[in-house]
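*Asks:* I'll drop the sequence and a predicted model, then ask my questions.
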Amino acid sequence: MLQSYLCLAPVIPVVTIDDARASIDLAHALLEAGLPAIEITLRTPQALDAINAIAKALPDAVVAAGTVLHRSQISEVIDAGAKFIVTPGTPVQLAEHLSEAAIPVMPGCATVSEAMTLASLGFEALKFFPAAVSGGAAWLKSVQGPLPTLTFCPTGGIDLASAPSYLSLSNVPCVGGTWITPREALKSGDFAAIGRLAAEASGLRKAA
Ligand SMILES: O=C[C@H](O)COP(=O)(O)O
Ligand SMILES: CC(=O)C(=O)O
């Protein structure tokens, strides 16, 4: 299930929401432009309301809860309607709880050892974060040999220009990033601008 979500589009917009009322217009603009999977980070008090609003209003959107840091947040995001969970990094104790979650989880890692620990708990699709400063596309290419069963969604420091170097790799179904949803555009309600950025991003192609 998680793999199919990650193959829906080349980019997962990562969004920090300050006003949950904007979330439906935002998700609609992303969906229309061809980006159905959206990660809402739990970095603001409005995040759960935003997840709930999108899940209820737009059943075709695949809304993920990001920045899940604590065990208690697992049930909160499931109750809000999140379709999958994302973490920026994954301490072993949290990973053990996440491995029992009722929805799919894409746990974050930044090293080979962290990736191996997560694989031993049954996770096959991992977030690689923060991607650009942790080795970028070269790191992902290097782990294809020793970790052939794992796929990664790199996030952190990626933009329209650098995304193709990641998407050309067979262990990268999609990338994540905030560049599609600038906070200023969200604040001013400029969903047309967000739609244009999203259309550019959805036009990126996975190499065959
Ligand atoms: O939560 C988002 C990550 O911090 C990635 O952000 P970025 O795409 O602006 O580097
Ligand atoms: C970095 C990210 O995607 C998260 O905070 O979950």
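*Replies:* Looks like it came in fine. Ligands and ions are numbered 1, 2, ... in the order given.
*Asks:* Only C-alpha atoms from now on, for both contacts and neighbour counts.
*Replies:* Fine.
*Asks:* Name the nearest residue to residue 54, sequence neighbours excluded.
*Replies:* Among residues not flanking residue 54 along the chain, residue 24 sits closest, at 5.5 Å (CA to CA, 6 or more residues apart in numbering).
*Asks:* From residue 57, how far off is that neighbour?
*Replies:* 7 Å (CA to CA, to the nearest Å).
*Asks:* Have a look at the two and say which one is more surrounded.
*Replies:* Applying other CA atoms under 10 Å to residue 24 and residue 57 shows that residue 24 carries more neighbours, namely 19 against 13.
*Asks:* so what's the backbone phi/psi at residue 177?
*Replies:* phi -180, psi 160 (degrees, to the nearest 10).
*Asks:* tell me which parts of this structure are close to ligand 2?
*Replies:* By the rule CA under 6 Å from any ligand atom, the part of the chain lying against ligand 2 is 41, 66-67, 86-88.
*Asks:* again, only using 5 Å
*Replies:* 66-67, 86-88 (CA under 5 Å from any ligand atom).
*Asks:* what's the helix or strand for the residue nearest to residue 54?
*Replies:* Per DSSP states H and E: residue 24 is located in helix 23-32.
*Asks:* what does that helix rub up against?
*Replies:* Residues from elsewhere that reach helix 23-32 (CA atoms under 8 Å, 6 or more residues apart in numbering): 17, 36, 38, 50-51, 53-54, 57-58, 60-61, 186, 191-192, 194-195, 198.
*Asks:* In this protein, what helix or strand scores lowest on average pLDDT?
*Replies:* helix 183-188 (a mean of 93; mean pLDDT, DSSP states H and E).
*Asks:* is that helix up against ligand 1 anywhere?
*Replies:* No. With CA under 5 Å from any ligand atom as the criterion, ligand 1 is not reached by helix 183-188; the gap is at least 10.4 Å.
*Asks:* List the buried residues of whichever helix or strand comes after that helix.
*Replies:* Using DSSP H and E, the helix or strand that follows helix 183-188 in sequence is helix 191-202. If you call a residue buried by 16 or more other CA atoms under 10 Å, then helix 191-202 has these buried ones: 191, 193-195, 197-199, 201-202.
*Asks:* What of stretch 95-112?
*Replies:* So for stretch 95-112, counting by 16+ other CA under 10 Å, buried means 95, 98-99, 101, 103-110.
*Asks:* Closest one to ligand 2 out of the residues you listed, please.
*Replies:* residue 108 (7.2 Å; CA to the nearest ligand atom).
*Asks:* contacting residues for that closest one?
*Replies:* 86-90, 126-129 are the contacts of residue 108 under CA under 8 Å, 6+ apart.
*Asks:* Could you report the distance from it to residue 41?
*Replies:* Distance from residue 108 to residue 41, by CA to CA: 13 Å.
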